[in-house]
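>>> Predicted model and sequence below, questions to follow.
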Amino acid sequence: MNTFKLFVCTLFIVAVMPAVTLAQTSGCVTFSGDLVYGATGSEVTTLQTFLKSQGYFSAAPVARFGPATLTAVRAFQRAQGISATGTVGPLTRAAIRSASCLPGQGNTPSASTGAPLEVTGWIPYWRSATGTADVLPNLSKLTEVNPFVYTLKSDGTFLDNGKLNEEPWLSFIAAAKAQKVRVIPTIMTSNSELLHNILSDQKKRIALEDTIAALVKENNFDGIDIDFEGKRAEDKDNFSTFLKGLYQRMGQKWVMCTIESRTPLDSRYYGTDVPQDATTYANDLKEINKYCDRVRIMAYDQQGIDLKLSAQAASSSQLYAPVADPAWVEKVVNLMAKDIKRSKILIGVPTYGYEYDVTAYANNEYVYKILWTFNPGYAWPLAQQYGITPQRNASGEMYFTYVNAATSSAPVSLGAESAKLAAAAASQYATAYNSHVDFRLVEWPDAQSLQTKIDLARKLGVRGVSIFKFDGGEDPAVWDVLTGVKR
């Protein structure tokens with residue numbers, strides 16, 4: 001779901017720093033005093049070396065605290081949740097010491113049981129009333145809230161679907177700010193043609209950057225979340241240029257980027273030849289790492305993208321069409337962390353499920369057709385209607401199967417099968433009668449699934465989790481899981 005944001009100013013504030021000595025103990029970087037813009041000396045060089053190791057400073061180290069160093073310091077401060085003043089004061093020095101002493105910073109994963117994480121979540125405009133009412137008493141458990149309200153229009157402006165200038169948003173945003181929870185709305189589109197029209201036109205692209213920056217400033221938001229999906233590969237560089245321009249305009253405000261997941265090729269094309277254009281992507285992850293303060297990876301809607309995991313499941317007669325299997329999520333994060341700092345990554349976590357129409361053929365072959373998405377409140381009554389007890393599958397998600405007699409080719413007795421046996425029973429029936437069997441699969445994540453993703457985030461050493469979505473319809477126990485998680 002942001003790094004170099006400062007225009008070079010003609011005003012130079014020069015500070016003469018006393019001679020100071022850098023102390024390094026067991027790799028820890030410490031300073032004997034504050035460092036400010038205009039400072040000179042060996043400590044400035046050490047500061048630049050540290051910032052370079054963290055991916056914020058790209059120039060060759062020099063013994064002067066100039067514009068590039070100031071920009072990098074502010075980027076580091078934003079990433080640490082510190083006011084981006086550009087001065088290396090007590091809080092920043094403590095953060096530098098912590099980042100240099102502790103293992104697992106940067107792009108090296110480090111598991112830390114119980115370590116605090118950033119917890120962010122989207123509230124969708126189509127359930128504004130229930131979403132804000134759901135989150136309001138739980139604001140203290142979140143680092144940031146994302147009103148999912150703005151959609152990009154053809155003229156480069158935005159449609160405010162959620163009416164953020166009206167209730168219940170006005171009171172909700174005031175409450176969030178009072179509790180120092182960031183309020184960063186999302187601008188979303190999945191219109192490939194619209195994105196190409198704007199991103200490929202310099203004038204329109206710059207106008208969009210200006211419009212977003214003005215929107216954030218006028219409404220006193222803490223930043224913006226860019227969720228541009230379905231971009232053309234030909235717009236990869238155009239999108240990077242857009243992010244760079246936006247970053248420069250946003251000053252001390254946050255730029256969050258929500259981007260599609262990327263599955264390793266050996267899993268995505270398991271058992272098949274990898275196409276020549278398989279690595280032609282629309283997102284330049286290295287550039288996104290530069291210009292996004294946080295990168296939310298949409299690690300959901302997995303379904304059948306991982307052919308390797310799908311084959312493993314089919315070999316043991318298991319149904320496999322998860323919303324987000326932790327085994328797949330781990331692959332995705334480790335792959336994308338090669339180009340994006342783990343300290344910026346937030347793992348997207350779903351709270352919704354899917355219902356599929358499944359056709360079983362002989363030899364454990366299953367074809368899945370998505371019927372719709374749903375909140376857990378749909379699944380439990382349906383299970384009760386059919387007298388079925390939902391179970392937890394190997395992906396850590398809840399599921400059950402049933403037969404819709406009006407549309408299914410399965411014998412009605414299959415509906416009495418347990419969820420664990422239904423897939424195998426359907427396949428056996430198809431084999432015996434040289435036919436096929438249709439039935440329904442209902443699968444969704446719950447609070448325990450969320451806990452698994454939180455544990456995974458800690459294991460992988462990433463920044464935190466971003467939850468899609470809070471609308472009053474998720475498993476209510478997720479709030480118990482989130483207690484004490486927030487950084």
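Done, it's in. A quick note: this is a predicted structure, and the numbers were derived from the prediction, not measured.

>>> Going by C-alpha atoms from here, please, whenever you check contacts or count neighbours.
Will do.

>>> what's the burial count for Y247?
Neighbourhood size, Y247 [other Cα atoms under 10 Å]: 26.

>>> so it makes contact with Y291?
Yes: the pair Y247 / Y291 is scored as a contact, 6.1 Å apart, by Cα atoms under 8 Å.

>>> what's the spacing between S83 and K290?
According to Cα to Cα, to the nearest Å, S83 and K290 sit 19 Å apart.

>>> what about these two, which has more around it?
For S83 versus K290, the count of surrounding residues by other Cα under 10 Å is larger for K290: 22 against 14.

>>> so when I look at that one, I'm seeing a strand, right?
No: under DSSP: H, G, I helix; E, B strand; the rest coil, K290 falls outside any strand and is assigned helix.

>>> tell me the pLDDT at it?
We note a pLDDT of 94 for K290 in this prediction.

>>> swap in P61?
Looking at P61, its pLDDT reads 88.

>>> right, and V367 touches A321 too?
No: V367 is beyond contact range of A321, at 9.8 Å (criterion: Cα under 8 Å).

>>> Neighbour count: those two, which is higher?
Regarding V367 and A321, a neighbour count based on other Cα under 10 Å identifies A321 as having more, with 28 against 14.

>>> What separation do you get for that one and T351?
In terms of Cα to Cα, A321 sits 16 Å off from T351.

>>> where are the low-confidence patches of this protein?
Applying pLDDT under 70 to the chain flags the ranges 1-27, 101-113, 405-435.

>>> And what about K338, helix, strand or coil?
Classification of K338 using three-state DSSP returns coil.

>>> Based on its surroundings, how many neighbours for it?
K338, neighbours per other Cα under 10 Å, totals 13.

>>> before we move on, what about Q312?
Using other Cα under 10 Å, Q312 has 12 neighbouring residues.

>>> how about the helices in the stretch 251-400 of the chain?
In the stretch 251-400 of the chain, the segments counted as helices under DSSP state H, counting those that start in this stretch are 265-268, 285-291, 307-315, 326-336, 376-385.

>>> Out of these, flag the one nearest L450.
Smallest distance to L450 across the helices of the stretch 251-400 of the chain (Cα to Cα): 10.2 Å, for helix 326-336.

>>> Wait, R232 touches A282, no?
Yes: counting by Cα under 8 Å, A282 is a contact partner of R232 at 5.7 Å.

>>> for the chain, longest helix please?
As assigned by DSSP state H, the longest helix anywhere in the chain is helix 202-219.

>>> Partner strands of whichever helix or strand comes after that one and their direction?
Note on helix 202-219: by DSSP states H and E, the next helix or strand toward the C-terminus is strand 223-228. Here strand 223-228 has these sheet partners by DSSP bridges: strand 186-189 (parallel), strand 254-260 (parallel).

>>> most neighbours per residue, which of those strands?
Of all the strands paired with strand 223-228, strand 254-260 carries the top mean neighbour count, a mean of 24, counting by mean count of other Cα atoms under 10 Å.

>>> ok, the residue nearest to the spatial centre of the chain - contacts?
Per Cα atoms, centre = their mean, the C-alpha nearest to the average position across the chain is that of R296, at 2.2 Å. By Cα atoms under 8 Å, 6 or more residues apart in numbering, the contact set of R296 is M1, M256, C257, T258, I259, I345, L346, I347, G348, V465, S466.
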